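Enquirer: Okay, sequence plus prediction incoming.
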Amino acid sequence: MAEESRGTAPSLSAFDYSGPPGLAPAIAAALRRVVDPEMALNIVDLGLVYGVEIQGRDAQVRITMTSAACPVAEMIIDDVVDELSGVLGEGAKVDCELVWEPPWAPERMSPRARSAMGWD
């Protein structure tokens, strides 16, 4: 059985991760390839990813949006599924759940994202 890491892994400090530690960097990299086109920043730096749980070749992902009226939410969810499916391989099941609790706040953004938005 693969060793699992519970809670926030050091390389994934932006979101909670549960799964094989060796897979964590690839999961984080895949999620960083998902860009919110309205903000022109990746969803990890924006603080939109709340958690990822990997069991076998399946993933459960919890994300949020900056606003409930986000017109690109479905596109972002599709991109998350596509990116993680590429990491986990053919036949993997990726369930991406859009959540509103806790509500997103600008404090969730990485320093890099805050700087890019001119919020430093």
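Expert: Received, thanks.
Enquirer: What is the neighbour count of Ile43?
Expert: Look at Ile43: counted by other C-beta atoms under 10 Å, it has 24 neighbours. In short, each C-beta sits where N, CA and C put it, glycine included.
Enquirer: any idea how far Glu90 is from the residue nearest the centre of the chain?
Expert: A centroid search over the chain (C-alpha atoms, centre = their mean) returns Val49, at 3.6 Å, as the residue closest to the centre. Separation of Val49 from Glu90 (C-beta to C-beta, to the nearest Å): 24 Å.
Enquirer: Can you give me the buried ones in stretch 32-49?
Expert: 32, 34-36, 39, 41-49 (16 or more other C-beta atoms under 10 Å).
Enquirer: circling back: who is the residue nearest to the centre of the chain paired with across the strands?
Expert: Ile63 (DSSP bridges).
Enquirer: surely it meets Ile63?
Expert: Yes - between Val49 and Ile63 there is a contact under C-beta atoms under 8 Å: 5.4 Å.
Enquirer: Who are the packing partners of the lengthiest helix in the chain?
Expert: For the chain, the helix that runs over the most residues, judged by DSSP state H, is helix 73-88. With contacts defined as 3 or more C-beta pairs under 8 Å, 6 or more residues apart in numbering; DSSP states H and E, helix 73-88 has these neighbours: helix 24-32, strand 58-63, strand 94-98.
Enquirer: of those, which approaches Pro71 most closely?
Expert: Among those, the nearest to Pro71 by C-beta to C-beta is strand 94-98 (13.5 Å).
Enquirer: Give me the angle between that closest one and helix 73-88.
Expert: 150 degrees (axes from the mean of the first three to the mean of the last three C-alpha atoms, to 10 degrees).
Enquirer: Tell me the helix or strand right after strand 94-98.
Expert: helix 111-116 (DSSP states H and E).
Enquirer: What would stretch 40-47 look like as PDB? C-alpha coordinates only.
Expert: Output of stretch 40-47 as PDB, limited to C-alpha atoms (Å, rounded to 0.1, in the frame of the first residue of the first chain):
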ATOM      1  CA  ALA A  40      -4.600  35.400 -16.300                       C
ATOM      2  CA  LEU A  41      -3.300  33.600 -13.200                       C
ATOM      3  CA  ASN A  42      -3.300  29.900 -12.300                       C
ATOM      4  CA  ILE A  43      -5.900  28.500  -9.900                       C
ATOM      5  CA  VAL A  44      -3.300  27.500  -7.300                       C
ATOM      6  CA  ASP A  45      -1.800  31.000  -7.000                       C
ATOM      7  CA  LEU A  46      -5.300  32.500  -7.000                       C
ATOM      8  CA  GLY A  47      -6.100  30.200  -4.000                       C
END
